[in-house]
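In: Using only what follows, build the 3D model:
(one chain, ligands or ions: 1)
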Amino acid sequence: MSYELYYWTGIPGRGEFVRMALEDAGADYVDVARVKGDGVIEKLAKEVATPSFAPPVLRDGEIVVGQTAAILLHLGPKLGLAPRQAAARLWVHQIQLTIADLTVEAHDTHHPVDVNAYFEEQRPEARRRAAAFRQQRLPKFLDWFETVIARNPGRSGWLAGTRASYADLSLFHLVAALRYAFPEAMSREMRGRDRVAELCRRVAERPRIAAYLASGRRLPFSESGVFRHYPELDG
Ligand SMILES: N[C@@H](CCC(=O)N[C@@H](CS)C(=O)NCC(=O)O)C(=O)O
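Out: So this is what the prediction gives:
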C-alpha cells in the first residue's frame with residue numbers, strides 16, 4: 001500500500017522534509033492534497049482518532065502521524081534511512097528536532113508577532129528579529145551542524161553513523177531553504193562551513209534525489225511558504 005502524505009499544495013514547506021526521505025528511498029507515496037485538493041487535510045483530521053494539529057501528516061495503513069520529526073522517526077527505519085541501534089536512532093531524532101527548531105526560527109523572522117497577520121503588519125519587529133537571527137542564531141545552528149558532522153565517530157561526512165539518514169536529507173532541504181530566504185547571509189555564513197556544504201553536495205548527487213531535483217516535481221520556494229525571501233530581512 002502507498003504511503004499517503006498530507007500537506008498543503010503550492011509550497012514545499014515542512015512537507016518537503018518528508019518528501020526528501022520518500023523520494024530518496026524510491027518509496028511508493030501519494031501527495032494526497034496535490035491530487036484531491038487542500039480540503040483533504042481538514043477532512044483527515046476530522047475522521048481519525050489521532051488528529052494532528054497541523055500538516056504534514058502521514059498515513060501508513062492504520063497509522064496516522066503528524067509532526068515532521070515524528071513522521072521521520074516512523075519512516076526512517078522502514079525506508080533504510082535510520083541507524084539500527086536505539087541510541088543512534090535517538091540521536092538522529094534529536095538532530096531532526098533541532099532542524100525543526102531552526103525551521104521555526106527562520107519562519108519567525110517574517111512573522112515574529114502574529115502568525116495570522118501579514119508580514120507587512122509586523123515589519124519593524126520582523127527586521128529586528130531577522131537581524132538577531134542572521135547575526136546570532138543562524139551561525140550558532142550552522143556551527144552545531146558542523147560540530148555534529150566532525151564528531152561523528154563514523155567519519156563519514158554524514159550527521160550520524162556511516163550512512164545517510166533522513167536527517168542528512170532534511171539538512172540539505174533546510175540549507176536550500178535558507179539560501180533562498182537569506183541569500184546574502186547564507187553566502188557569508190556558509191564560507192568555512194565546509195562539512196555542511198559537502199554534505200549538501202553529496203545529498204544532491206544521490207541518484208534518486210538528483211532525479212527528483214531534475215524532475216520539476218519539487219515545488220519552488222515562495223513568499224507564501226515557511227521560508228520566504230524579503231530582501232530587507234537579509235540585511
Ligand atoms: N511542529 C510541526 C509544525 C507544523 C506546522 O506548523 N505546519 C504548518 C505548515 S508548515 C501549518 O499548517 N500550521 C498551521 C497552524 O499552525 O495553525 C512540524 O514540525 O510538523
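In: So which residues on the protein come close to the ligand?
Out: 13, 14, 54, 55, 56, 67, 68, 100, 226 (C-beta under 6 Å from any ligand atom). Yep, even glycine has a C-beta here, placed from its N, CA and C like the rest.
In: Check the gap between the fifth one and residue 152 for me.
Out: From residue 56 over to residue 152 the distance is 27 Å, taken as C-beta to C-beta, to the nearest Å.
In: Which one's more surrounded, those two?
Out: Applying other C-beta atoms under 10 Å to residue 56 and residue 152 shows that residue 56 carries more neighbours, namely 23 against 17.
In: Would you map the strands across the chain?
Out: Under the criterion DSSP state E, strands of the chain are mapped to 3-6, 29-31, 57-60, 63-66.
In: quick one: buried residues of the shortest one?
Out: Neighbour counts over strand 29-31 (16 or more other C-beta atoms under 10 Å) mark 29, 31 as buried.
In: Now do the same contact list for the residue lying closest to residue 220 once chain neighbours are set aside.
Out: Distance criterion C-beta to C-beta, 6 or more residues apart in numbering; nearest residue to residue 220, sequence neighbours excluded, is residue 12 at 7.5 Å. With contact set as C-beta atoms under 8 Å, 6 or more residues apart in numbering, residue 12 has these partners: 19, 173, 177, 218, 219, 220, 221, 225.
In: for residue 12, phi and psi?
Out: Dihedral pair for residue 12: phi -70, psi -50, per degrees, to the nearest 10.
In: Tell me the predicted confidence for it.
Out: With respect to pLDDT, residue 12 scores 98.
In: What of the one 10 residues further on?
Out: Reported pLDDT at residue 22 in the predicted model: 98.
In: Residue 1 too?
Out: For residue 1, pLDDT reads 83.
In: ok, the nearest residue to it once chain neighbours are set aside to the ligand distance?
Out: The shortest distance from residue 1 to any non-neighbouring residue, by C-beta to C-beta, 6+ apart, is to residue 61 (6.0 Å). For residue 61, the distance to the ligand equals 20 Å [C-beta to the nearest ligand atom, to the nearest Å].
In: Run the chain-centre distance for the lengthiest helix in the chain.
Out: Looking across the chain with DSSP state H, the single longest helix is helix 86-110. Taking C-alpha atoms, centre = their mean, to the nearest Å, one finds the center of helix 86-110 at 9 Å from the center of the full chain.
In: buried stuff in it?
Out: 89, 91-93, 95-96, 98-100, 102-103, 106-110.
In: Just list what it packs against, helices and strands only.
Out: When contacts are defined as 3 or more C-beta pairs under 8 Å, 6 or more residues apart in numbering; DSSP states H and E, helix 86-110 sits against helix 68-79, helix 123-132, helix 138-151, helix 166-181.
In: Tell me which residues are up against that helix.
Out: 14, 17, 68-69, 72-73, 76-77, 82-83, 119, 126, 129-130, 133, 137, 141, 144, 148, 159-161, 165-167, 170-171, 174, 177-178, 181, 226-228, 230, 233.
In: Can you flag the buried ones in those residues?
Out: Applying 16+ other C-beta under 10 Å to these flags 14, 17, 68-69, 72-73, 76, 82-83, 126, 129-130, 133, 137, 141, 148, 159-161, 165-167, 170-171, 174, 177-178, 181, 226-228, 230, 233 as buried.
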